[in-house]
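**Q** build the 3D model from these lines:
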Amino acid sequence: VKCFSGAAEVMARVRRLGQDALAPGDTGWAQLVLQAPLPLVRGDRFIIRIPSPPATVGGGFVVDPHPGRTHRRSRPEVIARLETLVSGTAAELLQQALERNGPTSAGSLLSNASPEGEERDALMHLVQAGEVILLQASAEGAEMPKDKALLAARSWWSAVARQIEDKLSAHHEAHPLQTGLSREALRSGLRLDSRIFAGVIARAALDGLVVDEGATLRLSSHSVRLTTAQQQAVDGLLAGFTAKPYLTPSVKQSVAAVGEEVLAALVARGDLVQVSPEVLFLPNTYDAMVARICETITKEGSITLAQTRDLLATSRKYAQALLEHLDSQGITKRKGDVRVLPPS
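**A** Below is the predicted model:
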(Lines give C-alpha, C1' and ligand atoms only; values in the text may rest on other atoms or scores of the structure.)
Protein backbone atom coordinates (compact mmCIF):
# COMPACT_ATOMS: atom_id res chain seq x y z
CA VAL A 1 0.00 0.00 0.00
CA LYS A 2 0.90 3.67 -0.13
CA CYS A 3 0.94 5.58 3.14
CA PHE A 4 0.15 9.31 3.08
CA SER A 5 0.72 11.70 5.98
CA GLY A 6 0.58 15.40 5.33
CA ALA A 7 2.41 16.02 2.05
CA ALA A 8 4.56 12.89 2.42
CA GLU A 9 3.94 9.49 0.87
CA VAL A 10 5.82 6.21 1.05
CA MET A 11 5.21 2.58 0.22
CA ALA A 12 4.40 0.47 3.27
CA ARG A 13 3.49 -3.02 4.36
CA VAL A 14 0.52 -3.46 6.74
CA ARG A 15 0.66 -5.97 9.60
CA ARG A 16 -2.72 -6.44 11.33
CA LEU A 17 -2.43 -6.92 15.09
CA GLY A 18 -4.97 -8.93 17.11
CA GLN A 19 -7.47 -9.43 14.27
CA ASP A 20 -7.32 -11.42 11.05
CA ALA A 21 -9.52 -9.00 9.11
CA LEU A 22 -11.33 -5.66 9.41
CA ALA A 23 -14.77 -5.10 7.88
CA PRO A 24 -15.62 -1.68 6.38
CA GLY A 25 -16.20 0.79 9.21
CA ASP A 26 -14.39 -1.32 11.82
CA THR A 27 -11.35 -0.16 13.76
CA GLY A 28 -8.36 -2.16 14.88
CA TRP A 29 -4.64 -2.19 15.39
CA ALA A 30 -2.01 -2.42 12.68
CA GLN A 31 1.69 -1.87 12.31
CA LEU A 32 2.90 -0.07 9.19
CA VAL A 33 6.38 -1.09 8.04
CA LEU A 34 7.57 1.82 5.89
CA GLN A 35 10.03 1.40 3.05
CA ALA A 36 11.54 4.79 3.89
CA PRO A 37 11.42 6.84 7.10
CA LEU A 38 8.90 9.60 7.62
CA PRO A 39 9.15 12.35 10.30
CA LEU A 40 6.06 11.24 12.23
CA VAL A 41 5.14 11.88 15.85
CA ARG A 42 2.45 10.45 18.08
CA GLY A 43 -1.00 11.71 17.02
CA ASP A 44 -0.14 12.35 13.34
CA ARG A 45 -2.90 11.18 11.00
CA PHE A 46 -2.40 9.10 7.88
CA ILE A 47 -4.34 7.32 5.13
CA ILE A 48 -3.43 4.21 3.14
CA ARG A 49 -4.29 3.55 -0.50
CA ILE A 50 -3.93 0.68 -2.89
CA PRO A 51 -1.79 1.96 -5.78
CA SER A 52 -3.46 0.00 -8.58
CA PRO A 53 -6.29 0.41 -9.16
CA PRO A 54 -6.00 3.47 -6.88
CA ALA A 55 -8.37 3.27 -3.92
CA THR A 56 -8.35 4.51 -0.33
CA VAL A 57 -8.71 1.55 2.01
CA GLY A 58 -8.33 3.12 5.43
CA GLY A 59 -6.75 5.66 7.73
CA GLY A 60 -5.82 6.28 11.30
CA PHE A 61 -3.43 8.05 13.63
CA VAL A 62 0.05 7.26 14.85
CA VAL A 63 0.28 5.81 18.36
CA ASP A 64 3.92 4.69 18.52
CA PRO A 65 6.19 6.19 15.82
CA HIS A 66 9.27 4.30 17.08
CA PRO A 67 8.21 0.76 18.10
CA GLY A 68 11.77 -0.53 17.74
CA ARG A 69 10.67 -3.96 16.50
CA THR A 70 8.15 -5.82 14.38
CA HIS A 71 5.26 -6.88 16.59
CA ARG A 72 3.83 -10.40 16.59
CA ARG A 73 0.22 -10.49 15.49
CA SER A 74 -1.42 -12.28 18.41
CA ARG A 75 0.35 -11.01 21.53
CA PRO A 76 -2.16 -9.64 24.12
CA GLU A 77 0.58 -7.62 25.83
CA VAL A 78 1.25 -5.74 22.59
CA ILE A 79 -2.40 -4.74 22.29
CA ALA A 80 -2.48 -3.77 25.99
CA ARG A 81 0.55 -1.54 25.54
CA LEU A 82 -0.97 0.17 22.51
CA GLU A 83 -4.25 0.70 24.37
CA THR A 84 -2.30 2.36 27.17
CA LEU A 85 -0.56 4.61 24.66
CA VAL A 86 -3.97 5.76 23.43
CA SER A 87 -5.91 6.15 26.65
CA GLY A 88 -3.39 5.78 29.49
CA THR A 89 -2.55 8.51 31.95
CA ALA A 90 0.72 10.42 31.71
CA ALA A 91 2.10 8.34 34.58
CA GLU A 92 1.16 5.07 32.83
CA LEU A 93 2.80 6.21 29.61
CA LEU A 94 6.02 7.14 31.38
CA GLN A 95 6.15 3.84 33.26
CA GLN A 96 5.49 1.91 30.10
CA ALA A 97 8.28 3.72 28.26
CA LEU A 98 10.77 2.92 31.02
CA GLU A 99 9.69 -0.72 31.23
CA ARG A 100 10.05 -1.08 27.48
CA ASN A 101 13.30 0.84 26.93
CA GLY A 102 15.18 0.31 30.18
CA PRO A 103 17.13 3.09 31.95
CA THR A 104 16.59 6.40 30.22
CA SER A 105 17.61 9.97 30.95
CA ALA A 106 14.87 12.25 32.22
CA GLY A 107 15.44 14.55 29.26
CA SER A 108 14.89 11.75 26.73
CA LEU A 109 11.87 10.41 28.60
CA LEU A 110 10.23 13.83 28.54
CA SER A 111 11.33 14.82 25.05
CA ASN A 112 7.73 14.70 23.81
CA ALA A 113 6.17 16.18 26.93
CA SER A 114 3.25 18.52 26.47
CA PRO A 115 3.74 22.26 27.11
CA GLU A 116 1.28 22.00 30.00
CA GLY A 117 3.83 19.92 31.93
CA GLU A 118 1.46 17.06 32.75
CA GLU A 119 4.22 14.50 32.10
CA ARG A 120 6.68 16.35 34.29
CA ASP A 121 4.23 16.42 37.19
CA ALA A 122 3.52 12.73 36.65
CA LEU A 123 7.22 11.88 36.64
CA MET A 124 7.74 13.83 39.83
CA HIS A 125 4.95 11.85 41.49
CA LEU A 126 6.34 8.51 40.24
CA VAL A 127 9.80 9.28 41.61
CA GLN A 128 8.44 10.36 44.98
CA ALA A 129 6.24 7.24 45.14
CA GLY A 130 9.20 4.97 44.37
CA GLU A 131 7.69 3.66 41.13
CA VAL A 132 10.52 5.26 39.14
CA ILE A 133 14.05 4.89 40.50
CA LEU A 134 16.77 7.51 40.22
CA LEU A 135 20.06 5.78 39.37
CA GLN A 136 22.31 8.10 41.32
CA ALA A 137 23.87 8.57 44.73
CA SER A 138 21.20 10.86 46.17
CA ALA A 139 17.73 9.85 47.22
CA GLU A 140 14.55 11.24 45.73
CA GLY A 141 13.74 14.71 46.85
CA ALA A 142 11.28 17.45 46.14
CA GLU A 143 13.10 18.66 43.01
CA MET A 144 12.45 17.53 39.47
CA PRO A 145 15.14 15.11 38.19
CA LYS A 146 17.66 16.91 35.99
CA ASP A 147 17.62 16.13 32.27
CA LYS A 148 20.77 13.97 32.46
CA ALA A 149 19.55 11.96 35.47
CA LEU A 150 19.10 8.27 34.68
CA LEU A 151 15.70 6.80 35.52
CA ALA A 152 14.55 3.19 35.67
CA ALA A 153 11.26 1.43 36.25
CA ARG A 154 10.98 -0.18 39.68
CA SER A 155 10.54 -3.60 38.03
CA TRP A 156 13.83 -3.19 36.14
CA TRP A 157 15.65 -1.99 39.24
CA SER A 158 14.33 -4.85 41.37
CA ALA A 159 15.51 -7.41 38.82
CA VAL A 160 18.99 -5.86 38.59
CA ALA A 161 19.28 -5.59 42.38
CA ARG A 162 18.50 -9.32 42.66
CA GLN A 163 21.19 -10.08 40.09
CA ILE A 164 23.73 -8.00 42.01
CA GLU A 165 22.90 -9.77 45.25
CA ASP A 166 23.09 -13.20 43.60
CA LYS A 167 26.42 -12.56 41.87
CA LEU A 168 28.09 -11.03 44.92
CA SER A 169 26.74 -13.78 47.20
CA ALA A 170 28.16 -16.43 44.88
CA HIS A 171 31.53 -14.67 44.81
CA HIS A 172 31.68 -14.29 48.58
CA GLU A 173 30.84 -17.95 49.03
CA ALA A 174 33.50 -19.05 46.54
CA HIS A 175 36.15 -16.61 47.81
CA PRO A 176 35.46 -15.89 51.50
CA LEU A 177 38.91 -14.31 52.05
CA GLN A 178 38.49 -11.75 49.27
CA THR A 179 36.96 -8.44 50.28
CA GLY A 180 34.83 -8.24 47.16
CA LEU A 181 34.35 -8.67 43.42
CA SER A 182 36.05 -6.34 40.95
CA ARG A 183 33.85 -3.62 39.46
CA GLU A 184 34.56 -4.73 35.91
CA ALA A 185 33.72 -8.36 36.66
CA LEU A 186 30.32 -7.35 38.08
CA ARG A 187 29.63 -4.92 35.23
CA SER A 188 30.43 -7.60 32.68
CA GLY A 189 28.24 -10.11 34.51
CA LEU A 190 25.30 -7.70 34.50
CA ARG A 191 25.90 -6.78 30.84
CA LEU A 192 25.43 -3.07 31.47
CA ASP A 193 27.21 -0.21 29.77
CA SER A 194 29.51 1.92 31.88
CA ARG A 195 27.14 4.84 32.43
CA ILE A 196 24.18 2.73 33.51
CA PHE A 197 26.44 0.54 35.67
CA ALA A 198 27.82 3.61 37.47
CA GLY A 199 24.28 4.76 38.22
CA VAL A 200 23.21 1.29 39.35
CA ILE A 201 26.14 0.97 41.79
CA ALA A 202 25.59 4.47 43.14
CA ARG A 203 21.96 3.60 43.83
CA ALA A 204 22.80 0.17 45.27
CA ALA A 205 25.29 1.78 47.66
CA LEU A 206 22.73 4.41 48.65
CA ASP A 207 20.20 1.68 49.43
CA GLY A 208 22.75 -0.23 51.51
CA LEU A 209 22.80 -3.22 49.18
CA VAL A 210 26.50 -2.96 48.37
CA VAL A 211 29.61 -1.33 49.77
CA ASP A 212 31.67 0.43 47.11
CA GLU A 213 35.36 0.10 47.94
CA GLY A 214 36.62 1.60 44.71
CA ALA A 215 38.23 -1.27 42.84
CA THR A 216 35.93 -3.85 44.42
CA LEU A 217 32.31 -4.19 45.48
CA ARG A 218 30.82 -6.33 48.24
CA LEU A 219 27.51 -6.97 49.91
CA SER A 220 27.06 -4.89 53.05
CA SER A 221 26.64 -8.14 55.00
CA HIS A 222 30.02 -9.53 53.90
CA SER A 223 33.26 -9.37 55.86
CA VAL A 224 36.39 -11.47 55.74
CA ARG A 225 36.21 -14.12 58.47
CA LEU A 226 39.22 -16.26 59.34
CA THR A 227 39.06 -19.78 60.69
CA THR A 228 40.47 -20.48 64.14
CA ALA A 229 43.64 -21.93 62.63
CA GLN A 230 44.04 -18.98 60.26
CA GLN A 231 43.53 -16.49 63.08
CA GLN A 232 46.18 -18.22 65.20
CA ALA A 233 48.64 -18.02 62.30
CA VAL A 234 47.79 -14.32 61.78
CA ASP A 235 48.28 -13.57 65.49
CA GLY A 236 51.70 -15.17 65.34
CA LEU A 237 52.66 -13.19 62.23
CA LEU A 238 51.47 -9.85 63.64
CA ALA A 239 53.41 -10.56 66.83
CA GLY A 240 56.53 -10.68 64.68
CA PHE A 241 55.66 -7.28 63.19
CA THR A 242 55.14 -5.85 66.66
CA ALA A 243 58.43 -7.27 67.98
CA LYS A 244 60.47 -5.68 65.15
CA PRO A 245 58.31 -2.87 63.74
CA TYR A 246 61.06 -1.44 61.49
CA LEU A 247 62.62 -4.78 60.45
CA THR A 248 59.45 -6.67 59.68
CA PRO A 249 58.90 -10.11 58.17
CA SER A 250 59.15 -10.03 54.38
CA VAL A 251 56.23 -10.73 52.05
CA LYS A 252 57.72 -14.15 51.32
CA GLN A 253 57.99 -14.97 55.02
CA SER A 254 54.47 -13.70 55.63
CA VAL A 255 53.05 -15.89 52.85
CA ALA A 256 54.84 -18.87 54.34
CA ALA A 257 53.30 -18.09 57.74
CA VAL A 258 49.66 -17.48 56.82
CA GLY A 259 49.19 -18.24 53.12
CA GLU A 260 48.82 -15.96 50.10
CA GLU A 261 45.03 -15.48 50.34
CA VAL A 262 45.09 -14.65 54.04
CA LEU A 263 47.94 -12.17 53.57
CA ALA A 264 46.05 -10.50 50.71
CA ALA A 265 43.01 -10.23 53.01
CA LEU A 266 45.13 -8.63 55.76
CA VAL A 267 46.44 -6.02 53.31
CA ALA A 268 42.99 -5.41 51.81
CA ARG A 269 41.35 -4.74 55.16
CA GLY A 270 44.23 -2.55 56.38
CA ASP A 271 45.83 -4.84 58.96
CA LEU A 272 49.12 -4.45 57.08
CA VAL A 273 50.46 -1.79 54.71
CA GLN A 274 52.45 -3.05 51.72
CA VAL A 275 54.99 -0.48 50.51
CA SER A 276 56.82 -2.69 47.99
CA PRO A 277 56.66 -6.23 46.60
CA GLU A 278 58.79 -7.35 49.56
CA VAL A 279 58.12 -4.95 52.45
CA LEU A 280 55.14 -4.70 54.82
CA PHE A 281 54.50 -2.63 57.94
CA LEU A 282 51.84 -2.39 60.60
CA PRO A 283 49.59 0.60 59.89
CA ASN A 284 50.48 2.42 63.13
CA THR A 285 54.18 1.90 62.42
CA TYR A 286 53.71 3.17 58.88
CA ASP A 287 51.88 6.30 60.06
CA ALA A 288 54.55 7.03 62.67
CA MET A 289 57.38 6.64 60.12
CA VAL A 290 55.66 8.94 57.63
CA ALA A 291 55.14 11.56 60.33
CA ARG A 292 58.80 11.41 61.43
CA ILE A 293 60.10 11.67 57.85
CA CYS A 294 57.85 14.64 57.04
CA GLU A 295 58.78 16.32 60.33
CA THR A 296 62.50 15.92 59.55
CA ILE A 297 62.09 17.29 56.02
CA THR A 298 60.12 20.26 57.35
CA LYS A 299 62.86 20.99 59.89
CA GLU A 300 65.94 20.23 57.79
CA GLY A 301 64.65 20.92 54.29
CA SER A 302 65.33 17.39 52.98
CA ILE A 303 66.25 13.86 54.01
CA THR A 304 68.61 11.27 52.49
CA LEU A 305 68.27 7.51 52.32
CA ALA A 306 70.99 7.11 54.93
CA GLN A 307 69.31 9.63 57.23
CA THR A 308 66.00 7.78 56.89
CA ARG A 309 67.71 4.48 57.72
CA ASP A 310 69.29 5.98 60.86
CA LEU A 311 66.15 7.88 61.86
CA LEU A 312 64.07 4.70 61.87
CA ALA A 313 66.84 2.38 63.08
CA THR A 314 66.17 0.09 60.15
CA SER A 315 68.10 -1.31 57.20
CA ARG A 316 68.75 0.24 53.79
CA LYS A 317 66.26 -2.20 52.17
CA TYR A 318 63.35 -1.05 54.33
CA ALA A 319 64.26 2.65 54.18
CA GLN A 320 64.55 2.60 50.39
CA ALA A 321 61.28 0.72 49.94
CA LEU A 322 59.49 3.21 52.20
CA LEU A 323 60.92 6.30 50.48
CA GLU A 324 60.08 5.00 46.99
CA HIS A 325 56.56 4.26 48.20
CA LEU A 326 56.20 7.79 49.62
CA ASP A 327 57.41 9.20 46.29
CA SER A 328 54.77 7.18 44.41
CA GLN A 329 52.07 8.44 46.79
CA GLY A 330 53.08 12.07 46.33
CA ILE A 331 53.98 12.42 50.02
CA THR A 332 57.66 13.10 49.19
CA LYS A 333 59.51 14.02 46.02
CA ARG A 334 62.94 12.80 45.01
CA LYS A 335 65.39 15.54 44.11
CA GLY A 336 68.77 14.05 43.27
CA ASP A 337 69.90 12.03 46.29
CA VAL A 338 67.47 13.62 48.74
CA ARG A 339 63.74 13.69 49.37
CA VAL A 340 61.80 16.91 49.83
CA LEU A 341 58.16 17.70 50.39
CA PRO A 342 56.26 18.47 47.16
CA PRO A 343 54.94 22.01 46.74
CA SER A 344 51.58 22.43 48.45
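**Q** pLDDT wise, what is the residue nearest to residue 33 when sequence neighbours are not counted at?
**A** Leaving aside its sequence neighbours, residue 33 sits nearest to residue 13 (CB to CB, 6 or more residues apart in numbering; 4.5 Å). (C-beta placed from N, C-alpha, C; glycine too.) The model reports residue 13 with a pLDDT of 91.
**Q** also residue 179?
**A** Looking at residue 179, its pLDDT is 88.
**Q** what helix or strand is it on?
**A** Taking DSSP states H and E as the definition, one finds residue 179 inside no helix or strand.
**Q** what about it, how many residues nearby?
**A** The local packing of residue 179 (other CB atoms under 10 Å) involves 20 other residues.
**Q** now the one 10 residues further on
**A** For residue 189, the count of nearby residues is 16 (other CB under 10 Å).
**Q** and the strand or helix carrying it, what other elements does it pack with?
**A** Residue 189 is part of helix 183-190, with elements assigned from DSSP H and E. On a contact count with 3 or more CB pairs under 8 Å, 6 or more residues apart in numbering; DSSP states H and E, helix 183-190 meets helix 154-174, helix 194-206, strand 216-219.
**Q** before we move on, back to that, name the SS class of the residue nearest to residue 33, please.
**A** The three-state label given to residue 13 by DSSP: H, G, I helix; E, B strand; the rest coil is strand.
**Q** give me the number of residues near residue 315?
**A** So residue 315, with other CB under 10 Å, has 12 neighbours.
**Q** surely it is in contact with residue 247?
**A** Yes: Residue 315 is within contact range of residue 247, at 6.5 Å (criterion: CB atoms under 8 Å).
**Q** so where do the helices sit in the protein?
**A** Per DSSP state H, the chain carries helices over the ranges 76-87, 90-101, 106-109, 118-129, 154-174, 183-190, 194-206, 228-243, 251-258, 260-268, 283-300, 305-312, 316-328.
**Q** now these in TSV, with distance to residue 277?
**A** Shown next, in TSV, are the helices of the chain (distance: least, CB to CB, whole Å):
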stretch	distance to residue 277
helix 76-87	58
helix 90-101	49
helix 106-109	48
helix 118-129	50
helix 154-174	26
helix 183-190	24
helix 194-206	31
helix 228-243	17
helix 251-258	6
helix 260-268	12
helix 283-300	16
helix 305-312	19
helix 316-328	9
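**Q** can you put those helices in TSV and add distance to residue 4 and mean pLDDT?
**A** Formatted as TSV, these follow (distance: least, CB to CB, whole Å; pLDDT from 0 to 100):
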stretch	distance to residue 4	mean pLDDT
helix 76-87	21	74
helix 90-101	27	83
helix 106-109	30	87
helix 118-129	30	86
helix 154-174	38	96
helix 183-190	45	96
helix 194-206	40	94
helix 228-243	77	96
helix 251-258	77	97
helix 260-268	67	93
helix 283-300	76	97
helix 305-312	85	97
helix 316-328	70	97
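**Q** and of those, who's closest to residue 336?
**A** Residue 336 sits nearest to helix 305-312 of all these, at 11.4 Å, using CB to CB.
**Q** figure out which of the helices of the chain is closest to residue 21.
**A** helix 76-87 (16.0 Å).
**Q** what packs against that closest one?
**A** Helices and strands touching helix 76-87, by 3+ CB pairs under 8 Å, 6+ apart, are strand 8-17, helix 90-101.
**Q** please identify the buried residues of stretch 324-331?
**A** Using 16 or more other CB atoms under 10 Å as the test for burial, stretch 324-331 gives 324-326, 331.
**Q** distance to residue 227 for those - can I get that in JSON lines?
**A** Shown next, in JSON lines, are the buried residues of stretch 324-331 (distance: CB to CB, whole Å):
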{"residue": "324", "distance to residue 227": "35"}
{"residue": "325", "distance to residue 227": "31"}
{"residue": "326", "distance to residue 227": "36"}
{"residue": "331", "distance to residue 227": "37"}
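**Q** tell me which of the residues you listed is nearest to residue 229?
**A** Within the buried residues of stretch 324-331, proximity to residue 229 (CB to CB) peaks at residue 325, which comes in at 31.8 Å.
**Q** can you give me the neighbour number for the residue nearest to that closest one when sequence neighbours are not counted?
**A** Spatially, and ignoring its direct neighbours in sequence, residue 325 is nearest to residue 275 (3.8 Å; CB to CB, 6+ apart). As a burial measure, residue 275 scores 19 neighbours (other CB under 10 Å).
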